[in-house]
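**Q** Fold the stuff below for me.
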Amino acid sequence: MESKALVRKAIAAKKHSFSPYSRFRVGAALLSANGKIATGCNIENSSFSLTICAERTAIFKAVSEGVKKFTALAIASDSAEFIPPCGACRQVIIELMPDIDIILANRSGRFTVTNAAVLLPNPFTKEFLTTEDE
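**A** I've put the predicted structure just below:
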């Protein structure tokens, strides 16, 4: 699937955003290696720490359905700028799909492509969880 088509899916996912507090809608579309697309939107909560981003919604949705290999993630917002994932989303992306293209789309549908290593250059990974006793 081409980037433009994946961006269109992310833009469409914004329509389902529940963002009454920030009024900042975000949609995401995650392309799996088998061609399936999982979409997500941000879902806010008055207890802000319970809010979940569009990226993690799409990722967790796909993983919960057994999908484990991905090729691209498109993220679309209503901003004129290209909005990158937040820190929590970057951590999830780097752990579950460190080598995928990340497509950032602005409100006009223009986009740029980056990757997880650029967005999170020195990540905390499972290698840090090993102990010296092992």
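
**Q** looking at it, Ser22 is touching Ile43, isn't it?
**A** No - with contact defined as Cβ atoms under 8 Å, Ser22 does not reach Ile43; the gap is 11.4 Å. (Each C-beta comes from the backbone N, C-alpha and C, glycine too.)

**Q** More neighbours: those two, which one.
**A** When neighbours are counted by other Cβ atoms under 10 Å, Ile43 comes out ahead of the other of Ser22 and Ile43, with 16 against 12.

**Q** Contacts only, for the more buried one.
**A** Listed by Cβ atoms under 8 Å, 6 or more residues apart in numbering, the contact partners of Ile43 are 17-18, 51-52, 57.

**Q** where exactly do the strands run in this protein?
**A** Defined through DSSP state E, the strands belonging to the chain, from first to last, are 26-32, 37-41, 70-77, 101-105, 111-115.

**Q** which one of those is the most hemmed in?
**A** Using mean count of other Cβ atoms under 10 Å, the stretch among the strands of the chain with the greatest mean number of neighbours is strand 26-32 (a mean of 27).

**Q** residue boundaries of the helices in this structure?
**A** 3-14, 54-64, 87-96, 116-119 (DSSP state H).

**Q** Quick one: mean pLDDT for the first one?
**A** Spelled out, it's helix 3-14. The predicted model assigns helix 3-14 a mean pLDDT of 96.

**Q** I would like the residues contacting stretch 84-101, please.
**A** Identification of contacts with stretch 84-101 by Cβ under 8 Å, 6+ apart yields 3, 53, 55-56, 59, 63, 70-73, 75, 102, 104, 113-117, 119-120, 123-126.
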